[in-house]
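Undergrad: Curious how this folds, go ahead:
(2 chains)
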Protein chains: 2
Amino acid sequence: MSTKYVYTFGDGKAEGKADMKNLLGGKGANLAEMNLIGVPVPAGFTITTDVCTDYNKLGKDAVVAMIKEQVEAAVADTEKAMNAKFDAKEGFPLLLSVRSGARASMPGMMNTVLNLGMNDDTVKIVAEQSGNEKFAYDSYRRFIHMYGDVVMGVEAEEGQHNPFEVVLDKLKEAKGYKLDTELTVEDLKELVEGYKVVVREHAGVDFPTCPWEQLWGSVCAVFDSWDTERAILYRRMEGIPDDWGTAVNVQAMVYGNMGETSATGVCFSRDAATGEDQFNGEYLINAQGEDVVAGVRTPLEITLVGSKRWAERGGVSEEARKADFLSMEEAMPELYKELDTIQQKLEDHYSDMQDMEFTIQQGKLWMLQTRSGKRTGAAMVKMAVDMLEQGMIDENTAILRQEPNKLDELLHPVFEKSALEAAKELSKGLPASPGAATGQIVFSAEAAEEWAAAGKKVILVRRETSPEDLKGMYAAEGILTERGGMTSHAAVVARGMGKCCISSAAGTLVTGSSMTINGVEYKEGDFISLNGTTGIVYEGKVATITPSLDGDFGKVMDMSERNTRMYVRTNADTPADAKTAREFGAKGIGLCRTEHMFFEGDKIWKMREMILAEDVQGRKEALAKLLPVQREDFSGILEAMDGFGVTIRLLDPPLHEFTPNDAESQKEMAEKLGVSVEEVAKKVESLHEFNPMLGHRGCRLGNTYPEITEMQARAILEAACDLKAKGKDPKPEIMVPLIGTIKEFKMQEEIIREIAAAVFAEKGIEVDFLVGTMIEIPRAALTADQIAEHAEFFSFGTNDLTQMGFGYSRDDAGKFLPIYIEKGILKNDPFQVLDQEGIGQLVRMGCEKGRSTRKDIKLGICGEHGGEPSSVEFCNSVGMEYVSCSPFRVPIARLAAAQANLKQN
Amino acid sequence: MSTKYVYTFGDGKAEGKADMKNLLGGKGANLAEMNLIGVPVPAGFTITTDVCTDYNKLGKDAVVAMIKEQVEAAVADTEKAMNAKFDAKEGFPLLLSVRSGARASMPGMMNTVLNLGMNDDTVKIVAEQSGNEKFAYDSYRRFIHMYGDVVMGVEAEEGQHNPFEVVLDKLKEAKGYKLDTELTVEDLKELVEGYKVVVREHAGVDFPTCPWEQLWGSVCAVFDSWDTERAILYRRMEGIPDDWGTAVNVQAMVYGNMGETSATGVCFSRDAATGEDQFNGEYLINAQGEDVVAGVRTPLEITLVGSKRWAERGGVSEEARKADFLSMEEAMPELYKELDTIQQKLEDHYSDMQDMEFTIQQGKLWMLQTRSGKRTGAAMVKMAVDMLEQGMIDENTAILRQEPNKLDELLHPVFEKSALEAAKELSKGLPASPGAATGQIVFSAEAAEEWAAAGKKVILVRRETSPEDLKGMYAAEGILTERGGMTSHAAVVARGMGKCCISSAAGTLVTGSSMTINGVEYKEGDFISLNGTTGIVYEGKVATITPSLDGDFGKVMDMSERNTRMYVRTNADTPADAKTAREFGAKGIGLCRTEHMFFEGDKIWKMREMILAEDVQGRKEALAKLLPVQREDFSGILEAMDGFGVTIRLLDPPLHEFTPNDAESQKEMAEKLGVSVEEVAKKVESLHEFNPMLGHRGCRLGNTYPEITEMQARAILEAACDLKAKGKDPKPEIMVPLIGTIKEFKMQEEIIREIAAAVFAEKGIEVDFLVGTMIEIPRAALTADQIAEHAEFFSFGTNDLTQMGFGYSRDDAGKFLPIYIEKGILKNDPFQVLDQEGIGQLVRMGCEKGRSTRKDIKLGICGEHGGEPSSVEFCNSVGMEYVSCSPFRVPIARLAAAQANLKQN
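TA: Residues are numbered from 1 along each chain as shown, chains lettered A, B, ... in the order given. Modelled structure (predicted):
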């Protein structure tokens, strides 16, 4: 038997089926499958992906010869199924579409030809049979344009307009038309002739009138489009192998614009916005698919219930509705019933909400496409829970089908739909922290606090934020910054707080007391609104609604809990954040940054006193003043997470982050601390670093100024002892930052254990605690076996590991990262999505080497990646015990962790 | 048979031998060996290292009981060999020394007791027998002090002086003495009694008078000292296992101060300064070993020829010499002959120049110690060549015995010895680049050029240097900077030029036009002198001499050449440097930094024009002006290294390095380029980065501004084509810097290959060239397999790899690296000595992964480490083809490469 190159489908029969995706491509397999389950699909056939591979090896002529016979037989089958004739001299002509269809979706990357089979003869028959001459000639001229473009290579020369469009524009100008719909039949006939001239002039040959020639030209054009530059680039980006090839789907055209018994529409088996189990959709009588989406005519509701809701929303009376806006259920009750049955069948078959396209051609319903429908976060959750309860899917499927990132939509306020539609966009920036916020502009943290205290809702607008703005950020509804990326201070802190934030807003210029957006000035007190999910800034007030975390969300979290191996911690520096995260299901703190605490209230002055001290003695005195306040900080955090592990990182940032740079603040500092301005300026200068990221910070501080570690260890352990004395169950895990060598760790560990012994002796009480380290320096990952001999836990600081592993400064990468992503050098921002290929090797190495010397070492991650689903999956694969992320990412991480566990088991 | 714990030696017999180092320690094995070859050594015995291990396990009492019998027998043997009695009531008393002796040398780490056996009885006999009562009592009081300190734990209390010294000082004060030598016999007797009181008061028991008790106390004290904190720390630092343990050597004391037939001295079998094959040394009659080194009496020459030379140098007449400064050869001709025979025997036996200590006690010669002698670089080279030619050693030994770093001494000017002795030290800084220089101070590069053009020798003094100072550095004899480390700009560039440089000179403050050192001001034109090898700054002129590279040096290089696998390239940016390096034996350039070229003459303005350009077109226009000058640069370099590979790195530093920061220079820039000052300031600000090290540089420039790569590739390839047309053999290797992902490389590679095709077509000539990359980002090492699919060579940029792998900014690490090294957290500065444990893993991984996808990939190193011997050895072990270093390190690297090959084969 000779090889089968062509698989036909139609009339309830098909030679292929759903699981033949590799051979037939996704679209071809799906068309076959729909036929097999009894869904009416326009007949046609699929040329296999293997033929594409042969095409690239053997060339056009050999392949055409090879498949000619099978294609001709398949066309004959199609003619029969559709009761139409290809190359018809009489009867209804069979018009065809020719589309690509690879294994993996490559949207818009390859060629498509529609209305194939049109020529000077068939157009007349179509006009006659459809009773719609305008439709016939419009289809014909569109075909010439598309075929000329795709198959014959007629295109605009450099600096010129597309030659077909030039002809069209000229005609419209001559006739004074604005819209294409104004074209008359005579105009269209003139265009057909004009387009033929264009083809002759540009391609050097006549437009082919023979349908068979048209068909072969189109099939080959689809194969050719597999290897265009943009298709190759797309495959590289998506990791699709070049040798997969594309199938070609040849299918009968059907038309919804052949009179009042024809129609076209899109429909959904459930509500994509709310998740409600209610069939819905829109349709138009005597229209083409593009009319439904183009918005020239208002599409109507398919179901009666939908139609009535629509009327109610729009204030349309039942009379008016019945007169002008009849639902398909009412207008075409038989066809509606058929459609309803089909949608139910498709949803049942695919066990998921379907997004379908259909066309009714002269009273006959055809399904053109079905696919799993896109949905909002709320709908995603509801559908999964409903389908599970309806017995359509099992728990694994319910978990795996959800996109963790979409849970975010359920956790933050959103704008009211109608209010949003009316709002005026001012600018677009980076969606630095999700949610919606509306309020009055303030330009300083102090003002934010004051106005908020006075009961006003404010948006804090800053050039960029610094740790000194923390309280103002708390007080504000949202934050807008002129500068900074997705991982700027503002972005990171806002995400941690669950506050909406937009950074790097385009066209925005912020001075101390005003802001201009694209030249328009906004002052303190003016209202603006921010959508941190999209990055769009709106003028004035836009009403928001706070979504409630209803039962379905809880059910999804419970399912995740049952199916996860890793648990989720949170990155939190305050008891309030810890509490929020705990409500979201966090089981402990993966990263408590002590430095943020030093910016609150008066603490900064004690810190600065320590920095200014000239010797150990002076530093110890200043640190002694910090001890009680630090102890209080830690007590609050440990109590908020009582019973769960709390990883507290020792002081990490370089000391210059605590000193002011401007002359005025230095003067203030000098006065407050009773030293000369020169002394302050000199100290600040001496702290300056060329690359602070790689400078005197982390354990390098603790090892050069051991008294800082002593104070912090004491504050943590005293707080823990006091809590335990009160009957609480504090579980501190002391984390030494920025370890690069085992000796650095050991020196810090020794200090901590000495202090612990002293504190326990003083208090007469002991608490369990761990001493471990952040793995954030490449060398630490490389020597993790040595480090694990002493460290009881590792927390992977993938932010810094990414900075050093890539050699990218997060603060500066804005100069080239966007270009790198645009050019496809990087697929993702590696600060958002863990680079598993490179940095992931260091993480894996760190885990494996760590376990090699300490079998039960506690492994977790506390970088930004801990709340990013693909990174969470990676963490599961390398055997981490937990991931840690900002409070508002906890539910996402929990779902992602469960998915990872299900996928990897 | 019971275990042997004690090994005796003496009288030409020994129970141990040289290869029993593990059991007897280095010293014990050596003492045994000397006996065996017939060298007269004071008799004694060695308690094995195994006993030390037992001691730590079983404790003092058990071990003493265990070895008591064997020790007593060994003492008896020693008594016999020395014809003396331990615990003597009559006859000459046997006095002993007790010393540690581990497998590896641990100088000064463990305890020693001398003169053991002294008590109120024996001191009298010693006084009588030696006829020197003062000697006897002085030995006695020294013994009490040492024993009290080492064995009985008598030490100073906090804040107090040592109690023995307090007694001594009181006595001297009462008597009005300044020197210990003024003490009379009566004084010494008083001290003995006083010291006994000190012991009683501090230790709570009487000083033990029984020699056996003294012996056991001392032996145990040596074992105890194995586990003191400082000994443990030292072992950690040096990687000596804790379980090796130390042996204990007990040996008869001999005295050179027992009258005119006694003497003591040190001698060398060859000249340690010049390498001349001439026995030499110094001795003193009636003196102790410490007198020779203490400088209280002037020691005399051992040989007649040495004595005559000494007299000539010092202007001492032959009469005076014969009267007062007789050589040992003349004064004690028989003993001299015996010593000469022994020194020859020892040199022959150890096949190396020996550094020996001897004592003559009442006409009897005793050898106390022999070891391979330290030597200067010149002596090292000459001895190796001489011994090879004398057939004493083979070529492998001649190569392996040399310290590569010492070759450096042969390549740079040095101070005249006598001139140096008279010179006044002003400050000490980091020995940033070796050699000696003397000249007049200038404070700017321009002044350096002007003064040098006027024929003056100048020292360029700067706060720190920048690329703009290059020409001034060339013009100067040496460079002194207030700031910067061993890898600061000044240090790196100076080493490259072979110029002497001292950085971070202590107490130095440099302003624009003057310098103060510890408060004293130095102005332009004042003379200073620098020793870049030691880091010492001298006042005024100090005469220098330029060593010539004589025949022996060449012979060592030839030997290295014959025995190496790797070859050596140089890091050079100019034809002059390339030429120098080629003369030193460099076979190619491993790193030619193009950015330095942009600072010469007018090029900086074209560069700045490019930076200021607003769009691609503007940049291309400015680059077009740079093209011809770059072509000329490359032509010069390629021609200077004709026939050898020249690795040219594309533009690497961030653009802000080419723009001025101060207002005045910005104004100059604005005027020169015809733009507003604001525009310049804005541009400079926009180029500012928080961590430029991790910012917009390297291939990130080439990938965001491809036109820069285009220009540089064109300049390189046009230069190569033109040279080939002239019959030369240029071998350019184009290196893309800072690659982190394969896509970055491919984009740059494509540009280069396109330009190459265009240039070859235009010129009608083709040259072979390679395209490769620097592996300097951790991620590049981790994904080297992918990168090697396209890159034809890897050059390991271990400077940046160390920066990113450790997370240390070279420019800022000065704040903690010195403390880290002092505290033992790091053994070496990882920027000087490659961290094989951590960063080495990345290098090894890069090599292995690179070869996994491109078997014949060319591998080399171009970081500072390429000229550091232990790093060179590592490079050989991972299979690199070459190492590259600054021109003046080339000979060192060549020798190190040969050593590595011999060691690893």
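Undergrad: count of residues packed around residue A:738?
TA: By other C-beta atoms under 10 Å in any protein chain shown, 24 other residues sit near residue A:738. All C-beta spots, glycine's among them, are computed from the backbone N, C-alpha and C.
Undergrad: Tell me which helix or strand it sits in.
TA: Here residue A:738, judged by DSSP states H and E, is contained in no helix and no strand.
Undergrad: which residue packs closest to it, ignoring adjacent ones?
TA: Nearest non-adjacent residue to residue A:738, counting by C-beta to C-beta, 6 or more residues apart in numbering or on different chains: residue A:698, 2.3 Å away.
Undergrad: how close does the one you found sit to residue A:740?
TA: Distance, residue A:698 to residue A:740, by C-beta to C-beta, to the nearest Å: 9 Å.
Undergrad: Check residue A:56 too.
TA: Distance of residue A:56 to residue A:740, given as C-beta to C-beta: 51 Å.
Undergrad: Could you check which of these two is surrounded by more residues?
TA: Each of residue A:56 and residue A:740 has its neighbours counted (other C-beta under 10 Å); residue A:740 has more, 29 against 16.
Undergrad: how long is stretch A:523-531 end to end?
TA: 20 Å (C-alpha to C-alpha, to the nearest Å).
Undergrad: Other residues contacting it?
TA: Under the contact criterion C-beta atoms under 8 Å, 6 or more residues apart in numbering or on different chains, stretch A:523-531 has outside partners A:415, A:423, A:426, A:431, A:436-443, A:447, A:459, A:478-480, A:500-502, A:513-514, A:522, A:536-542, A:544.
Undergrad: switch the cut-off to 7 Å
TA: Outside of stretch A:523-531, the residues within contact range by C-beta atoms under 7 Å, 6 or more residues apart in numbering or on different chains are A:415, A:423, A:436-443, A:447, A:459, A:478, A:480, A:500, A:502, A:513-514, A:522, A:537-542.
Undergrad: Each with direction, which strands does the one helix or strand residue A:432 maps to pair with?
TA: Using DSSP H and E, residue A:432 maps to strand A:430-433. Strand A:430-433 has the following strand partners under DSSP bridges: strand A:500-503 (antiparallel).
Undergrad: backbone phi and psi for the residue most central in space within chain A, please?
TA: Geometric centre of chain A, nearest residue: residue A:405, 7.0 Å, by C-alpha atoms, centre = their mean. Backbone torsions of residue A:405, given as degrees, to the nearest 10, read phi -60, psi -30.
Undergrad: which other helices and strands contact the helix or strand that contains residue A:703?
TA: For residue A:703, the host element (DSSP H and E) is helix A:699-704. With contacts defined as 3 or more C-beta pairs under 7 Å, 6 or more residues apart in numbering or on different chains; DSSP states H and E, helix A:699-704 has these neighbours: helix A:706-725, helix A:742-763.
Undergrad: Next SSE downstream of the helix or strand of chain A with the lowest mean pLDDT?
TA: Within chain A, judged by mean pLDDT, DSSP states H and E, the helix or strand with the poorest mean is helix A:289-294; its value is a mean of 68. Moving toward the C-terminus from helix A:289-294, the next helix or strand (DSSP H and E) is strand A:300-301.
Undergrad: Now do that following strand: distance to the chain's middle.
TA: Strand A:300-301 sits 31 Å away from the centroid of its parent chain (C-alpha atoms, centre = their mean, to the nearest Å).
Undergrad: neighbouring contacts of it?
TA: A:282-284, A:307, A:310, A:325-327.
Undergrad: buried stuff in the helix or strand just after that strand?
TA: Following strand A:300-301 in sequence order, the next helix or strand is helix A:304-314 (DSSP H and E). Neighbour counts over helix A:304-314 (16 or more other C-beta atoms under 10 Å in any protein chain shown) mark A:304, A:306-307, A:310-311 as buried.
Undergrad: contact partners of helix A:304-314?
TA: Residues from elsewhere that reach helix A:304-314 (C-beta under 7 Å, 6+ apart): A:278, A:280, A:300-301, A:318, A:321, A:325, A:327, A:329-330.
Undergrad: Flag the shaky bits of the stretch 451-600 of chain A, pLDDT-wise.
TA: Applying pLDDT under 70 to the stretch 451-600 of chain A picks out residues A:487, A:547-550.
Undergrad: ignore the last one, the stretch 251-400 of chain A
TA: Scanning the stretch 251-400 of chain A for pLDDT under 70 picks out A:292-296.
Undergrad: Could you list the residues of it in contact with chain B?
TA: For the stretch 251-400 of chain A, the contact set with chain B under C-beta under 7 Å from any C-beta of the partner chain is empty.
Undergrad: Narrow the contacts of strand A:300-301 to those in helices?
TA: By the criterion of DSSP state H, membership of the contacts of strand A:300-301 in helices covers A:307, A:310.
Undergrad: Just the element for the nearest residue to residue A:121 once chain neighbours are set aside, please.
TA: Leaving aside its sequence neighbours, residue A:121 sits nearest to residue A:89 (C-beta to C-beta, 6+ apart; 6.9 Å). In the assignment (DSSP H and E), residue A:89 maps to no helix and no strand.
Undergrad: what are the phi and psi angles of residue A:89?
TA: phi -100, psi -20.
Undergrad: what separates it from chain B, distance-wise?
TA: Separation of residue A:89 from chain B (C-beta to the nearest C-beta, to the nearest Å): 54 Å.
Undergrad: With just CA atoms, put the helix or strand where residue A:74 lies into CSV.
TA: Remark: residue A:74 resides in helix A:60-82, with elements defined by DSSP H and E. Presented in CSV, the C-alpha positions along helix A:60-82 are these (Å, rounded to 0.1, in the frame of the first residue of the first chain):
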residue,chain,number,x,y,z
LYS,A,60,7.8,21.5,-5.0
ASP,A,61,7.6,19.5,-8.2
ALA,A,62,8.4,16.1,-6.7
VAL,A,63,5.9,16.6,-3.9
VAL,A,64,3.1,17.8,-6.1
ALA,A,65,3.6,14.7,-8.3
MET,A,66,3.7,12.5,-5.2
ILE,A,67,0.4,13.7,-3.7
LYS,A,68,-1.5,14.7,-6.8
GLU,A,69,-3.6,11.6,-7.1
GLN,A,70,-4.6,11.6,-3.4
VAL,A,71,-5.5,15.3,-3.4
GLU,A,72,-7.7,14.9,-6.5
ALA,A,73,-9.5,12.0,-4.9
ALA,A,74,-10.0,14.1,-1.7
VAL,A,75,-11.4,17.0,-3.7
ALA,A,76,-13.8,14.6,-5.3
ASP,A,77,-14.9,13.4,-1.8
THR,A,78,-15.3,17.0,-0.7
GLU,A,79,-17.4,17.8,-3.7
LYS,A,80,-19.6,14.9,-2.9
ALA,A,81,-20.0,15.8,0.8
MET,A,82,-20.8,19.4,0.0
